[in-house]
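after the sequence you'll find the predicted model.
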Amino acid sequence: MSEPVGPADGVQRPDDYRSGFACFVGRPNAGKSTLTNALVGQKIAIASDKPQTTRHAVRGIVHRPDAQLVLIDTPGLHRPRTLLGERLNDVVRTTWTEVDVVGVCLPVNQRIGPGDTHLVTELAQLTRRPQLVAIATKTDLAGPARIAEHLVAVQALEQSVGIEWASIVPVSATADDQVDVLADTLVGLLPEGPPLYPDGDITDEPEETLVAELIREAALEGVRDELPHSIAVEISEMGLREGRPPERPLLDVFASMIVERESQKGIVIGKGGSRLKDVGTRARAQIQAILGTPVYLDLRVKVLKDWQRDTKHLNRLGF
Ligand SMILES: Nc1nc2c(ncn2[C@@H]2O[C@H](COP(=O)(O)OP(=O)(O)OP(=O)(O)O)[C@@H](O)[C@H]2O)c(=O)[nH]1
């Protein structure tokens with residue numbers, strides 16, 4: 001996926017230094033993005049309480065003295081109803097064959113259902129199967145008895161589906177419980193090898209993608225259920241404004257939120273433009289916090305009719 005940086009950086013590392021890729025899978029809302037953020041220690045993937053909002057394979061990199069773990073955050077596998085749905089599923093499957101470890105997120109506050117079984121069955125059928133770790137997420141939402149019952153059900157998947165968990169780890173990303181244990185477990189399953197990325201890189205996502213995701217996240221807050229799948233964000237231009245003193249930089253961002261129908265445009269803009277203004281303010285604060293530069297954000301709304309069903313539009317929007 002990426003060339004190792006090699007020993008040329010002059011940093012002393014233990015002989016058994018490990019490096020590799022992992023990704024989290026699981027039903028929508030299983031806590032994959034939140035876990036990625038907790039492990040990396042900085043917000044990089046979008047988390048929202050709306051299902052299926054993680055569209056891009058955003059990576060976070062965990063740097064440790066003994067290892068480098070590159071996390072890839074994939075969208076949830078779902079029943080495809082559109083071309084976009086099919087493409088998302090393809091992205092997920094391809095990612096699985098490229099990583100060393102797949103963490104299957106199974107939230108303790110939900111029983112293991114047909115969707116989970118289907119997912120693990122798909123993993124079992126891969127020709128090149130990565131190591132599998134079962135992650136019982138959101139342990140803060142259940143008592144010990146329920147967690148124990150859940151872990152038994154997780155274990156039972158081994159027999160019913162024909163896989164073997166390398167490990168089963170209960171974790172709460174929001175309460176920071178067992179996140180370190182999970183990191184150790186994932187690192188332990190990586191092959192020995194030099195770092196894949198230079199020190200200090202949190203994510204190799206281009207900044208424009210990150211900014212687009214942050215705007216999308218702000219836009220999704222508080223909108224009605226039917227809208228999330230229909231919003232995409234396109235950055236038309238982004239760059240540091242020229243002629244500013246070096247100690248007072250300003251990042252110009254020109255972006256459009258793209259919806260499928262005229263009627264959705266109204267929802268996104270809100271009464272007298274109030275929602276759009278809110279979204280802009282929230283997104284600007286987030287971009288500023290993450291990139292560390294004051295931001296001027298020009299945010300518009302565009303209608304691209306039925307973009308989810310149109311190959312040309314999907315390609316243009318980076319799917
Ligand atoms: N109580 C609790 N809530 C959590 C935990 N982890 C995630 N959540 C919440 O669960 C919701 C979904 O979390 P995400 O991290 O966005 O889930 P996801 O699996 O990435 O979701 P998709 O992008 O839809 O696939 C959010 O509201 C999170 O705040 C946890 O450990 N405890």
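That came through fine.

contacting residues around the host helix or strand of Gly115?
Take DSSP states H and E as the rule and Gly115 turns out to sit in helix 114-124. By Cβ atoms under 8 Å, 6 or more residues apart in numbering, the residues outside helix 114-124 that reach it are 25-27, 77, 93, 96, 102, 104, 106, 129, 132, 157, 160-163. In this view, the C-beta of every residue, glycine as well, is placed from N, C-alpha and C.

buried subset of those residues?
25-27, 77, 96, 102, 104, 106, 132, 157, 161, 163 (16 or more other Cβ atoms under 10 Å).

of these, the lowest pLDDT goes to which?
Minimum pLDDT across those is recorded for Leu77, with 66.

tell me the spacing between Thr139 and Glu213.
Distance, Thr139 to Glu213, by Cβ to Cβ, to the nearest Å: 27 Å.

bridged to the residue nearest to Leu304 when sequence neighbours are not counted, which residues?
Closest residue to Leu304 apart from its sequence neighbours, by Cβ to Cβ, 6 or more residues apart in numbering: Ile258 at 5.0 Å. Per DSSP bridges, the residues bridged to Ile258 are Ala232, Lys302.

check contacts around Ile258.
When contacts are taken as Cβ under 8 Å, 6+ apart, Ile258 is in contact with 231-234, 301-304, 307, 317.

ok, 7 Å please
231-232, 234, 302, 304, 307 (Cβ atoms under 7 Å, 6 or more residues apart in numbering).

does Ile72 count as helix, strand or coil?
strand (DSSP: H, G, I helix; E, B strand; the rest coil).

give me the number of residues near the closest residue to it other than its chain neighbours?
Among residues not flanking Ile72 along the chain, Cys23 sits closest, at 4.2 Å (Cβ to Cβ, 6+ apart). Using other Cβ atoms under 10 Å, Cys23 is surrounded by 23 other residues.

so, low pLDDT: which residues of the stretch 151-300 of the chain?
198-206, 222-229, 290 (pLDDT under 70).

thought Ala67 was touching Val187?
Yes: between Ala67 and Val187 there is a contact at 4.3 Å, judged by Cβ atoms under 7 Å.

what sits in contact with each of those two?
Residues touching both Ala67 and Val187 (Cβ under 7 Å, 6+ apart): Arg18.

indicate whether stretch 231-240 makes contact with the ligand.
No: on the criterion Cβ under 6 Å from any ligand atom, stretch 231-240 is out of touch with the ligand, staying 13.9 Å away.

so how far is the first residue of stretch 197-210 from its last?
Start and end residues of stretch 197-210 are separated by 18 Å (Cα to Cα, to the nearest Å).

now do the SS call for the spatially closest residue to Ile168 that is not a sequence neighbour.
In space, and not counting its chain neighbours, Ile168 is closest to Ala134: 4.4 Å by Cβ to Cβ, 6+ apart. At Ala134, secondary structure determined by three-state DSSP is strand.

wait, Ala134 sits on Val152?
No: using Cβ under 7 Å, Ala134 is not in contact with Val152; the gap is 11.7 Å.

which one's more surrounded, those two?
The neighbour comparison of Ala134 against Val152 (other Cβ under 10 Å) goes to Ala134, with 22 against 9.

and that one, how far is that from Thr34?
17 Å.

Phe254 too?
From Phe254 over to Thr34 (counting by Cβ to Cβ), the distance is 30 Å.

so which of these two has more stuff around it?
Thr34 (20 against 15).

mind checking the SS state of Gly103?
Per three-state DSSP, the secondary structure class of Gly103 is strand.

ditto for Arg111
The three-state label for Arg111, taken from three-state DSSP, comes out as coil.

of the buried ones among the contacts of helix 114-124, which belong to helices?
Among these, the ones falling in helices (DSSP state H) are 96, 157.

closest to Gln286 out of the buried ones among the contacts of helix 114-124?
Gly26 (24.8 Å; Cβ to Cβ).

where's the closest one relative to Val120, distance?
From Gly26 across to Val120, the span is 10 Å (Cβ to Cβ).

now do Ile163
On the measure of Cβ to Cβ, Ile163 and Val120 end up 6 Å apart.

between those two, what contacts are shared?
Leu157.

close to the ligand: what parts of the stretch 151-300 of the chain are there?
172-174.

give the buried subset of those residues as a PyMOL selection command.
Buried subset of those, written as a PyMOL selection, criterion 16+ other Cβ under 10 Å:
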select buried, resi 172+173+174
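
got TSV for the residues of the stretch 151-300 of the chain next to the ligand, with secondary structure too?
Below are those laid out as TSV (three-state DSSP):
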residue	secondary structure
Ser172	strand
Ala173	coil
Thr174	coil
